[in-house]
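> Sequence below, structure please.
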Amino acid sequence: MKSDINLLAVSQIETVKEDSFLKFLRILSIGFLLLVLFLSILVFILTSRISPSSIVKEQTSIIGRIKLLRNRETKILALNDRIGAVGEILKGRSNYEKTIEVFLSNVPSGVSIGSFEIGKTEIALTARSDSLLDLNAFVKNITDLVKNGKEIKSMTIDNIAFDSRSGTYSLAIKADRL
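Below is the predicted model of the structure:
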């Protein structure tokens, strides 16, 4: 028996090939149609969710926030500049705390300081006490500071006075700072 016998006519074979090709084209066109439909729906959903008006609103709010941040940045830069300037001033300024601490640590218990003025080169103070011995101890302590070269280089006693009503002695001293 022969296996290569074809019972279909040649025109029918071509018709079967055309039918299968047309079937393939139909499936392909339906697939493209479904793809276009899906992409159209996707684009519609995306444009409805991201509307131009919402984008404009978001853009406006972002611009507003940027303006606020610029104002804040300007204030921060100005503040940093001022802090830097104050820092430079403080670096050049004399350390008065150390001078005050040195003087107050040398004040005996029976002596009170009435006034205390510090300048760049001079210190003026008034000490009060009920006893001349306490004032003497204070003068000795200040003299020791001059001898040791701590904070002052010279000292002058301006005035010693006695207040008979209160029974207190007052001592005015001027000293030159190192």
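> got the contact list for residue 152?
Each residue near residue 152 by Cβ atoms under 8 Å, 6 or more residues apart in numbering is listed here: 123, 142, 145-146, 175-178. In short, each C-beta sits where N, CA and C put it, glycine included.
> which one of these sits closest to residue 155?
Proximity of the contacts of residue 152 to residue 155 (Cβ to Cβ) peaks at residue 175, which lies at 4.5 Å.
> For the strand or helix carrying the closest one, enumerate the helices and strands it packs against.
Using DSSP states H and E, residue 175 sits within strand 168-177. Helices and strands touching strand 168-177, by 3 or more Cβ pairs under 8 Å, 6 or more residues apart in numbering; DSSP states H and E, are strand 122-129, helix 132-148, strand 152-163.
> Distance of residue 48 relative to residue 54?
10 Å (Cβ to Cβ, to the nearest Å).
> element containing the residue nearest the centre of the chain, please.
Central residue of the chain (Cα atoms, centre = their mean): residue 76, 7.6 Å from the mean position. Here residue 76, judged by DSSP H and E, is contained in helix 52-92.
> any idea how far that helix is from the chain center?
Between the centre of helix 52-92 and the centre of its chain there are 12 Å (Cα atoms, centre = their mean, to the nearest Å).
> next SSE after that helix?
Downstream of helix 52-92 (by DSSP H and E), the next one is helix 96-105.
> Who are the contact partners of the residue lying closest to residue 154 once chain neighbours are set aside?
Once flanking residues are discounted, residue 154 sits nearest to residue 176: 4.7 Å by Cβ to Cβ, 6 or more residues apart in numbering. Residue 176 sits next to 121-123, 152-155 when contact means Cβ under 8 Å, 6+ apart.
> make it 7 Å
By Cβ atoms under 7 Å, 6 or more residues apart in numbering, residue 176 lies in contact with 121-122, 152-154.
> Bridged to residue 170, which residues?
residue 128, residue 161 (DSSP bridges).
> Do I have it right that it meets residue 126?
Yes: counting by Cβ atoms under 7 Å, residue 170 touches residue 126, with 5.9 Å between them.
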